[in-house]
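> any chance you could fold what I've pasted below:
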Amino acid sequence: EMAVAQVEASVDNGADLMIINKFGKHEAEGRGFRSVIAAALEKDFPVLVGLNALNRETFEIFAGGLATELDGDLGRILDWAGFGFADMRMPSPEISPDAATRI
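Numbering: from 1, shown residues only. Now for the predicted structure:
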């Protein structure tokens, strides 16, 4: 709950992308990162959320038809998030600080 409060407080700072590990039991029950997800969407930045089959129905109700299902393809995820996969280079073993902060 402390993590949720800290992340929620930082939403006003903006972001290129918010990644939430999962829409789990707490979110399905109306708690957890649910309010953070909603606040981020209100600020118009993309939110990538992990989801398991157990909470899919509740997530779909929460998302109200606005969610886009993505597979694990990095290029598709980057395109969806607005980073433009064509502009991205595959990271080398030595990642520059600029590349590390962009992803």
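> element containing I19, please.
Element membership of I19 [criterion: DSSP states H and E] is strand 18-20.
> report the buried residues of the helix or strand just after that strand.
Downstream of strand 18-20, the next assigned helix or strand under DSSP H and E is helix 25-28. Buried residues in helix 25-28, counted by 16 or more other Cβ atoms under 10 Å: 27-28. Every C-beta, even on glycine, is put in place using the N, C-alpha and C of the backbone.
> which regions of this structure lie under the pLDDT threshold?
Within the chain, the segments meeting pLDDT under 70 span 84-103.
> center of it, which residue is that?
Note on the chain: the residue nearest the mean C-alpha position is L48, at 2.3 Å, using Cα atoms, centre = their mean.
> any idea which helix or strand carries that one?
strand 47-49.
> if I look at L41, how far off is A63?
9 Å (Cβ to Cβ, to the nearest Å).
> CA atoms only for stretch 61-77, dumped as CSV, please.
What follows is stretch 61-77, C-alpha atoms only, in CSV (Å, rounded to 0.1, in the frame of the first residue of the first chain):
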residue,chain,number,x,y,z
ILE,A,61,-15.0,-4.6,-16.9
PHE,A,62,-12.6,-2.1,-15.4
ALA,A,63,-11.1,-1.3,-18.8
GLY,A,64,-14.5,-0.7,-20.4
GLY,A,65,-13.4,-1.9,-23.8
LEU,A,66,-10.4,0.5,-24.0
ALA,A,67,-7.7,-2.1,-23.4
THR,A,68,-5.5,-3.5,-26.2
GLU,A,69,-4.3,-7.0,-25.8
LEU,A,70,-0.6,-7.4,-26.6
ASP,A,71,1.5,-10.5,-26.8
GLY,A,72,5.1,-10.6,-25.6
ASP,A,73,6.5,-9.1,-28.9
LEU,A,74,8.8,-6.2,-27.9
GLY,A,75,8.3,-4.4,-31.2
ARG,A,76,4.5,-4.4,-30.9
ILE,A,77,4.7,-3.2,-27.3
